[in-house]
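J.: Here you go, sequence then predicted model.
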Amino acid sequence: MIKIYTDGASRGNPGPGGFGVVMLYGALRKEIAEGFRLTTNNRMELLSVIVALESLKKEGTAVTIYSDSKYVVDSVELKWVFGWEKKHFKDKKNEDLWKRFLKIYRKHEVKFLWVKGHASNKENNRCDELAVEAAMGSDLQIDHWYEVEHKKDNGKLL
């Protein structure tokens, strides 16, 4: 069983953002973080899960994901995302990431557990540190879908 801790952060919402991931398998540990110049907290929360799952080497891996994001955990565990998918994500935010999530999610045995953020969970706190550091970095990536492809009718970014 692989344990994955994830977190996302943004300085402003939208604003510069980042995600952090800690993956644990026995004595092995892997940390992943990346920052983006303009995004939202929810996008970073979801992207952290996606990147973690995409980094798994073998399909069918049993994984427990620990996240402090009710948005992500409830969307999956309460099966909302599957209803959104059936309705082609009509009027739902982050359609691009949810589609990417479902593609990788279906390749593994994934269970989500919600953890209280900014509490005494060592690994969740480490993910928060990674996400915040990434958001404050100098070499921030472009969240292409958010910045370029998906704009509101009035020209403002979602």
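T.: All right, it came through fine. Numbering: from 1, shown residues only.

J.: How about the residue positioned nearest the centre of the chain, nearest residue that isn't a chain neighbour?
T.: The geometric centre of the chain, computed from its C-alpha atoms, lies nearest to Leu46 (C-alpha atoms, centre = their mean), at 2.4 Å. Leaving aside its sequence neighbours, Leu46 sits nearest to Leu97 (C-beta to C-beta, 6 or more residues apart in numbering; 4.8 Å). Every residue, glycine included, has its C-beta placed from N, CA and C.

J.: List the contacts of the one you found.
T.: By C-beta atoms under 8 Å, 6 or more residues apart in numbering, Leu97 lies in contact with 43, 46-47, 50, 145.

J.: so of those, which ones are in helices?
T.: Applying DSSP state H to the contacts of Leu97, the entries found in helices are 43, 46-47, 50.

J.: Going by neighbour count, which of the residues you listed comes out on top?
T.: Most neighbours among those, by other C-beta atoms under 10 Å: Leu46, with 28 neighbours.

J.: Quick check: the gap between that residue and Ile65.
T.: 11 Å (C-beta to C-beta, to the nearest Å).

J.: wait, Pro16 sits on Ser10?
T.: Yes. With contacts counted by C-beta atoms under 8 Å, Pro16 reaches Ser10, the gap being 6.8 Å.

J.: So which of the two has more stuff around it?
T.: Using other C-beta under 10 Å, the more surrounded residue of Pro16 and Ser10 is Ser10, with 24 against 18.

J.: now the strands: where do they sit in the chain?
T.: For the chain, the strands defined by DSSP state E cover 2-10, 15-25, 28-39, 62-67, 109-114.

J.: hey, which of those strands is tucked in deepest?
T.: strand 2-10 (a mean of 26; mean count of other C-beta atoms under 10 Å).

J.: From the contact counts, what lies against it?
T.: In terms of contacts (3 or more C-beta pairs under 8 Å, 6 or more residues apart in numbering; DSSP states H and E), strand 2-10 is packed against strand 15-25, helix 41-54, strand 62-67, helix 122-135.

J.: one more time with 10 Å
T.: Other helices and strands packing on strand 2-10, by 3 or more C-beta pairs under 10 Å, 6 or more residues apart in numbering; DSSP states H and E, are strand 15-25, strand 28-39, helix 41-54, strand 62-67, helix 70-77, strand 109-114, helix 122-135.

J.: Mind listing the strands it pairs with, and their directions?
T.: strand 15-25 (antiparallel), strand 62-67 (parallel) (DSSP bridges).
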